[in-house]
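>>> Let's see this in three dimensions:
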Amino acid sequence: MKNSTLLRDLVAQARPSGGFPAEVRSKAATCLADFISCAIEAADLPWSRQALAVAAGGTGPCAVIGEAATVGALDAAFANGVRGHGLVREDMHAGSISHMGVVVWPVVLALVAENPDLAADPLEAAIAGYEIGGRIGRALVTPDMARRFRPTGLIGPLSGALAGAMLLGLDQEKTVNALALAANAFGGLNEWPHSGADDMYFHPGFAARSALTAVKLAALGAKGSDSALDGVAGLFAAFGIPLPAGGISLYPDGASEIMAVFNKEVPACNFAQSPCQVALAAIKRVAEGDAVEKIHLSTYRAALNYPGCNYRGPFETPLQAKMSIFFGMAATIARGEIAEANYALLDDKRIADLIDRTEITISDALDGAFPARQGAELRVETKRGEVIVERLDDVRSASPELVRNRLAAAAAHRLGEDQARKIGLAIENLTQSRASAGAVAALEQLCRIGGGERAV
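As a prediction, the model looks like this:
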């Protein structure tokens, strides 16, 4: 009989006996809609085209979102992971400082395309993937670690592997092996904010492909170290992070980590979200004919410590701008809106002038509330002497309606009105009852150009 390890204990808890409440399933469907929306909108960005070129050499039944081509599962997982991350608007889990959806959903979609007759519920598999990533991430990822290593590259392979193993219906032993093998695929450095390079966009693609590879190897009988998390050379030991004294468990007190995920309003870094939101509220209160003189943001330490967030410029790439809290706030104030178009104005003199007028400091209260809350307080002084204060106790998540509206618009533009309508209905149907692999496979095909003809 094998000794208990953390990995074995977590696998034993992966499927709660009572299933998932309706609100948890609804949240999963919203996260799926958000992922598809981001992937469609990012289809023509350079990193998306590069990932497609790498994937296009293979053949198979799996869709590359927003394209006509179908490819093999590993190639689709890679290409779709990159696309989902392309706008920097993917869903966010603050407790692990990571983006699990851009790994989980590419794995799930690739597997249902290959296996539309699977018995498992794809939404339940995805929820379990978010769960293990969230719980391990809370214990493993510290703000200091996140300055050097990309949390999504650390957490994503585990999330994707559990979702894939559950979807394929692997037994407990093979699921342990899948996760153990995935633990060997952790990776991703946070040097890109300093260099302005594109590394970040590919991290979810690497993680999704690695997760799916681990699942496929385990299904074929490959064995991984069941002590890959808590062994003497396991994941926690490798990073010098002690295991929590109280241990790690899934769904404690019936709570699901996916409910702690928020969907971004702002197409930018997580730490720029609430600053941009308070900036938008403040500029709406500036009287006509008046102008901003000084800007002071109070935030929490993790926001300023994350690479790129404390950068004032100059800005050479949109990604540098999307990481910068200074740029995000200044562009929001200059344009009076939160929009993708803000991040194309890298040389805008209005934005540069507002950045020069901006100061950011740490608030002890906001710092103490992180990561449970990601608040911001903004004080704006105008040239006429008015003082405007806006505060958010926590980041505001994009509403399910906003997420679905963004998807409808993106899908209609790239795939046509009829396919967009069918995609919306398919996602809505997933929340009504237990989802079938066949239904999600049909949705996956609807995300292709011309895919409506195959989605039955």
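
>>> distance of L345 from R335?
When C-beta to C-beta, to the nearest Å is the yardstick, L345 and R335 sit 8 Å from each other. (Each C-beta comes from the backbone N, C-alpha and C, glycine too.)

>>> for this protein, what spans make up the strands?
Per DSSP state E, the chain has strands spanning 62-63, 70-71, 92-93, 261-262, 292-299, 358-362, 376-382, 387-392. These are given in chain order.

>>> tell me what the second one is packed against?
Contacts defined by 3 or more C-beta pairs under 8 Å, 6 or more residues apart in numbering; DSSP states H and E place strand 70-71 against strand 62-63.

>>> what is the mean pLDDT for the strand it packs on?
Model confidence over strand 62-63, given as mean pLDDT, is 97.

>>> What pairs with it, parallel or antiparallel?
strand 70-71 (antiparallel) (DSSP bridges).

>>> which intervals of the stretch 351-456 of the chain have sub-threshold pLDDT?
453-456 (pLDDT under 70).

>>> where exactly do the helices run in it?
364-369, 400-415, 417-430, 437-446 (DSSP state H, counting those that start in this stretch).

>>> What residues of the shortest one count as buried?
In terms of neighbour count (16 or more other C-beta atoms under 10 Å), helix 364-369 has its buried residues at L366, D367.

>>> What are the contacting residues of it?
S298, T299, Y300, R301, A302, R373, G375, A376, E377, D393, D394 (C-beta atoms under 8 Å, 6 or more residues apart in numbering).

>>> Can you tell me which of these is closest to G188?
Closest approach between the contacts of helix 364-369 and G188, by C-beta to C-beta: A302, at 17.9 Å.

>>> what sits against that closest one?
Taking C-beta under 8 Å, 6+ apart, we find A302 in contact with I97, P143, A146, F271, D367, F370, P371.

>>> just E340 next, same as before
Under the contact definition (C-beta under 8 Å, 6+ apart), the residues listed for E340 are E41, L87, P267.

>>> Quick check: the gap between the last one and E288.
Computed with C-beta to C-beta, the distance linking P267 and E288 is 28 Å.

>>> same thing with the first one?
Distance, E41 to E288, using C-beta to C-beta: 33 Å.

>>> And the second one, by the same measure?
Distance, L87 to E288, using C-beta to C-beta: 33 Å.

>>> With neighbour numbers in mind, choose between the two.
A direct count of neighbours by other C-beta atoms under 10 Å for L87 and E288 places L87 higher, at 23 against 4.

>>> For that one, give its distance to S48.
Computed with C-beta to C-beta, the distance linking L87 and S48 is 10 Å.

>>> shared neighbours of these two, which are they?
By C-beta under 8 Å, 6+ apart, L87 and S48 have these common neighbours: A42.

>>> can you give me phi and psi for R384?
Backbone dihedrals for R384, given as degrees, to the nearest 10, come out at phi -90, psi 0.

>>> Please name the nearest non-neighbouring residue to it.
Taking C-beta to C-beta, 6 or more residues apart in numbering, and ignoring the residues beside it in sequence, R384 has D290 as its nearest neighbour in space, at 4.8 Å.

>>> got the contact list for the one you found?
Residues near D290 by C-beta under 8 Å, 6+ apart: T382, K383, R384, E386.

>>> Return a PyMOL selection command for the buried portion of these.
Once 16+ other C-beta under 10 Å is used to decide burial, the buried members of these can be selected in PyMOL as follows:
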select buried, resi 382
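
>>> Tell me the one among the contacts of D290 nearest to A437.
Compare each of the contacts of D290 with A437 using C-beta to C-beta and the shortest gap goes to T382, at 57.0 Å.
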